[in-house]
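Trainee: Structure of the sequence below:
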Amino acid sequence: MTPVSSATPESAETQPWGRVDDDGTVSVREGDQWRVVGQYPDGTPEEALAYFERKYADLASEVTLLEVRHRRGGASTSDLRGTARTIRERLDGAAAVGDLATLEARVTALEGALSEASAEEAQAQRAAVDAAVAERESIVAEIEAIAAKDPRSIQWKQTTADVAALFARWQEHQSTGPRLPKAVGQQLWKRFRDARAVVDKNRREFYSSLDEQHKSARDAKTRLVERAEALAPRGEDGISAYRELLDQWKSAGRAGKKADDALWARFKAAGDVLYGARIERENADVEASKEKIEAKRALLDEAAAVAKEKDNAKARTLLTNIQRRWDEIGRVFPRDTERGLDDQLRKVETTLKSREDEDWKRNNPETKARQNDMTSQLQDAITKLEEELAAAEATKDKAAIAKAKDALEARKGWLRALGG
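Mentor: Now for the predicted structure:
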């Protein structure tokens, strides 16, 4: 036998890991023993040894790669442990030449580290599951709160979007989050599903009721439209009836946007016919009023003479004649023009009425009698005060003189005010 070593034998550490017998049998050193790993009869001893050393290099590379993956992180600990088990199985009785014991020791050390990491990973996994359960619980609580609301108080468009968003959150969390324990996951899903079913049922009932309301409102508004359209032959005289129909329209409820818009277009068109007739009549009135307006303006020019006439009786006769002709002309349009003309004539009437009232006050017999009586009293008082003033002057009583003068001057002022 001619052994071929993979190293020069000097000490235990430098002794060769493999040898080749004369018949091509290759063995690997394991401690103090040699184990046959295979034969390589068709090549030289060096080629045979190199072949099995490459097998060892492959195993060493796998161990090194596993160590690197563990150091870098990111890989699942359970996956790494599975790979370590596979490598250990391949190391057990491996047909390779090299320091297999050291590779096994490295794998053993790695398995120990992975066991610790597995414990940490399991703890993290439990925490992640707890957080996932809490998240699912919050989703369920939100949809259950929606299901508990009074359907009549719900804004269904927004609520439908909210429920869809909650379901999307559930699906996203289910696909990206950790797997929940089966019993917990099923129980939460049942609650979510039941709450969503309640919301769906309430929504269907709401829209079914809304459809009935819309149908009732649509029928009522259709009848109002038909009645409004039937007013067309009455023209302007149908406006009051149309307004009553408009009040009923406002209280008829909603028939849905599309139906409401279409029905309102017809209803409004029916009203436009009536108001159009009024506009046509008003335009005709305005056209017919042009000559009347000029006639009333001419009368206003005549009315200027009323203020100039000093004799109230003659002024009244003049104004009465103007008023008679004013009324004979009749109404004019537009209304604001009529109001302006009437206001101008009314100013003439008011001015004359004020003059007549003043004249009456001056010439009223009762008023004159009272004035004469008061004049007589004042004249008597003045005569008496003049006598008192003369007496005071004779006695040179200054206080009496001043008092008598003041009283005398006041009485004379009153007498002048009465025209005496």
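Trainee: Let me see the ranges of the helices in the stretch 1-150 of the chain.
Mentor: Using DSSP state H, counting those that start in this stretch, the helices of the stretch 1-150 of the chain run over residues 45-72, 77-91, 100-147.
Trainee: quick one: which of these is nearest residue 307?
Mentor: Taking CB to CB, helix 100-147 is the member of the helices of the stretch 1-150 of the chain nearest to residue 307, at 81.9 Å. Yep, even glycine has a C-beta here, placed from its N, CA and C like the rest.
Trainee: Output the contacting helices and strands for the next helix or strand after that closest one.
Mentor: Once helix 100-147 ends, the next helix or strand along the chain (criterion: DSSP states H and E) is helix 156-176. Using 3 or more CB pairs under 8 Å, 6 or more residues apart in numbering; DSSP states H and E, the elements in contact with helix 156-176 are helix 100-147, helix 182-229.
Trainee: Okay, buried residues for helix 156-176 please.
Mentor: 159, 162-163, 166, 169-170 (16 or more other CB atoms under 10 Å).
Trainee: how many degrees apart are that helix and helix 182-229 in direction?
Mentor: Here helix 156-176 points in a direction 160 degrees away from that of helix 182-229 (axes from the mean of the first three to the mean of the last three CA atoms, to 10 degrees).
Trainee: Helix 156-176 vs helix 100-147, what angle?
Mentor: Angle, helix 156-176 to helix 100-147, by the same axes, to 10 degrees: 170 degrees.
Trainee: Burial check on residue 66, number of neighbours?
Mentor: Counted with other CB atoms under 10 Å, residues neighbouring residue 66 total 21.
Trainee: follow-up on the earlier one: let me know the closest of the buried residues of helix 156-176 to residue 203.
Mentor: The closest of these, once distances to residue 203 are taken by CB to CB, is residue 159, at 7.7 Å.
Trainee: that older thread, need the helices of the stretch 1-150 of the chain in CSV (columns: mean pLDDT).
Mentor: Formatted as CSV, the helices of the stretch 1-150 of the chain follow (pLDDT from 0 to 100):
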stretch, mean pLDDT
helix 45-72, 92
helix 77-91, 89
helix 100-147, 84
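Trainee: okay, which residue is most central for this protein?
Mentor: By CA atoms, centre = their mean, the chain has its centre lying nearest to residue 158, at 11.7 Å.
Trainee: Check what pLDDT that residue gets.
Mentor: On pLDDT, residue 158 comes in at 90.
Trainee: Identify the residue spatially nearest to residue 214, adjacent ones excluded.
Mentor: Once flanking residues are discounted, residue 214 sits nearest to residue 256: 4.5 Å by CB to CB, 6 or more residues apart in numbering.
Trainee: Now residue 44: phi and psi?
Mentor: Per-residue torsions, residue 44: phi -80, psi 160 (degrees, to the nearest 10).
Trainee: Could you measure from the residue nearest to residue 214 over to residue 218?
Mentor: According to CB to CB, to the nearest Å, residue 256 stands 7 Å off from residue 218.
Trainee: remind me which residues of the stretch 251-400 of the chain are low pLDDT?
Mentor: 363-373 (pLDDT under 70).
Trainee: which one's the longest helix in this structure?
Mentor: Ranked by number of residues, the top helix in the chain under DSSP state H is helix 257-308.
Trainee: Against which helices or strands is that one packed?
Mentor: Looks like helix 257-308 contacts helix 182-229, helix 239-250, helix 312-329, helix 335-363 (3+ CB pairs under 8 Å, 6+ apart).
Trainee: Could you export the ones you listed as JSON lines, including distance to residue 146?
Mentor: Output for the helices and strands packed on helix 257-308, formatted as JSON lines (distance: least, CB to CB, whole Å):
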{"stretch": "helix 182-229", "distance to residue 146": "6"}
{"stretch": "helix 239-250", "distance to residue 146": "33"}
{"stretch": "helix 312-329", "distance to residue 146": "74"}
{"stretch": "helix 335-363", "distance to residue 146": "59"}
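Trainee: Out of those helices, which gets nearest to residue 278?
Mentor: The closest of the helices and strands packed on helix 257-308 to residue 278 is helix 239-250. By CB to CB, the value is 6.6 Å.
Trainee: for the closest one, packing partners?
Mentor: Judged by 3+ CB pairs under 8 Å, 6+ apart, the packing partners of helix 239-250 are helix 182-229, helix 257-308.
Trainee: Could you tell me how far that helix lies from the centre of the chain?
Mentor: Counting by CA atoms, centre = their mean, to the nearest Å, helix 239-250 is centred 33 Å from the centre of its parent chain.
Trainee: in that helix, what's buried?
Mentor: 242, 245, 249.
Trainee: Contacts only, for the first one.
Mentor: It refers to residue 242. 228, 231, 270-271, 274 (CB atoms under 8 Å, 6 or more residues apart in numbering).
Trainee: run the last query once more with 7 Å
Mentor: If you count contacts by CB atoms under 7 Å, 6 or more residues apart in numbering, residue 242 has them with 228, 231, 271, 274.
Trainee: just the last one next, same as before
Mentor: Contact criterion CB under 7 Å, 6+ apart gives 221, 224, 267 as the residues in contact with residue 249.
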